[in-house]
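Student: Fold the following.
(chains A and B)
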Amino acid sequence: QQQVKQSPQSLIVQKGGIPIINCAYENTAFDYFPWYQQFPGKGPALLIAIRPDVSEKKEGRFTISFNKSAKQFSLHIMDSQPGDSATYFCADEMIKAAGNKLTFGGGTRVLVKP
Amino acid sequence: DGGITQSPKYLFRKEGQNVTLSCEQNLNHDAMYWYRQDPGQGLRLIYYSQIVNDFQKGDIAEGYSVSREKKESFPLTVTSAQKNPTAFYLCASSMPHRRTAPNTGELFFGEGSRLTVL
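Tutor: From the prediction side, this is the model:
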């Protein structure tokens, strides 16, 4: 079963709009919350990540907001471009002595129209 | 170039047959993973290995088997016991993510293998 609930499943915005993807987690023991971006026919690639002791992180046009008390985090894509059209996955990660284990959300397909 | 190579890219199988998907990495990563991707279900972990000759079951290991005889290689066998094997399979590798280490434990994925059972 999924430990990370991701919504929405799909999203369509106009160029310049701000798609927002939300994720909710259950286990407060998670150490790290990465986002991965996947283009059609390719494997996912790390986009941006945040630790739970930080409330916001920005990298270029991508921002993660983290709400520890609500056990939620979200990805915002500022000034979205057609090249941002992809599937986005949130994940939670537990770092253990035996190794880290990631659990992914269900994914959000984002389409940015020109 | 360093990276993860998965083969074959497309594979068709008849019911009752075992198939093996290849995954090779030249990134000198210790850990390797197999994920299964189905529409709307994200990426689900099948097996992972942190070190040669050792591996652990993920969330959906039933009907699958793996081996890790070399650091660079982590093949996945989809057995006839897997009830619904048609899916997109992704292999990944990473360095161990430690709380005090500078690396992020980033997963590097291959381009995937699409298996279709006829």
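
Student: Now the phi/psi pair for the residue in chain A that chain B sits nearest to, please.
Tutor: In chain A, the residue that lies nearest chain B is residue A:43 (2.9 Å; Cβ to the nearest Cβ). The way it works is simple: take the backbone N, C-alpha and C, and place the C-beta from them, glycine included. Main-chain dihedrals, residue A:43, degrees, to the nearest 10: phi -80, psi 160.

Student: how close does residue B:45 get to chain A?
Tutor: For residue B:45, the distance to chain A equals 7 Å [Cβ to the nearest Cβ, to the nearest Å].

Student: what about the residue of chain B found nearest chain A, neighbour count?
Tutor: Residue nearest to chain A within chain B (Cβ to the nearest Cβ): residue B:109, separated by 2.9 Å. The number of residues packed near residue B:109 is 24, by other Cβ atoms under 10 Å in any protein chain shown.

Student: quick one: contacts for it?
Tutor: A:43-45, B:4, B:90-92 (Cβ atoms under 8 Å, 6 or more residues apart in numbering or on different chains).

Student: related to what we said a few turns ago, can I assume the residue of chain A closest to chain B is in contact with residue B:93?
Tutor: No. If you go by Cβ atoms under 8 Å, residue A:43 and residue B:93 don't touch, sitting 11.0 Å apart.

Student: wait, doesn't residue B:12 sit right on residue B:114?
Tutor: No. The criterion here is Cβ under 8 Å, and residue B:12 misses it with residue B:114 at 9.5 Å.

Student: How far away from the center of its chain is stretch B:2-16?
Tutor: In terms of Cα atoms, centre = their mean, to the nearest Å, the centre of stretch B:2-16 is set 11 Å apart from its chain centre.

Student: how long is it from one end to the other?
Tutor: For stretch B:2-16, the first-to-last residue distance is 36 Å (Cα to Cα, to the nearest Å).

Student: Now do the same for residue 82: its pLDDT.
Tutor: Going with chain A. Residue A:82 is assigned a pLDDT of 97 by the prediction.

Student: that's the wrong chain, I meant chain B
Tutor: Listed pLDDT for residue B:82 reads 88.

Student: go on, residue A:96?
Tutor: Residue A:96 is given a pLDDT of 69.

Student: for the chain, longest strand please?
Tutor: In the absence of a named chain, chain A is used. Ranked by residue count and defined by DSSP state E, the top strand of chain A is strand A:86-96.

Student: was after chain B, sorry
Tutor: Ranked by residue count, the top strand of chain B under DSSP E comes out as strand B:42-51.

Student: Report the buried residues of that strand.
Tutor: B:42-50 (16 or more other Cβ atoms under 10 Å in any protein chain shown).

Student: quick one: strands adjacent to that strand?
Tutor: Next to strand B:42-51 in the sheet, as set by DSSP bridges, lie strand B:31-38 (antiparallel), strand B:54-57 (antiparallel).

Student: Tell me which of the ones you listed sits nearest to residue B:22.
Tutor: For residue B:22, the closest of those is strand B:31-38, at 11.4 Å, according to Cβ to Cβ.

Student: Pull the distance from the closest one to the chain's centre.
Tutor: 4 Å.

Student: tell me which parts of chain B are close to chain A?
Tutor: B:4, B:31, B:35, B:40-45, B:48, B:50, B:56, B:58-59, B:90, B:92, B:94, B:96-99, B:104-112 (Cβ under 8 Å from any Cβ of the partner chain).

Student: Same list (the strands paired with strand B:42-51) but as a markdown table, adding mean neighbour count.
Tutor: Output for the strands paired with strand B:42-51, formatted as a markdown table (neighbours: other Cβ atoms under 10 Å in any protein chain shown):
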| stretch | mean neighbour count |
| --- | --- |
| strand B:31-38 | 23 |
| strand B:54-57 | 14 |
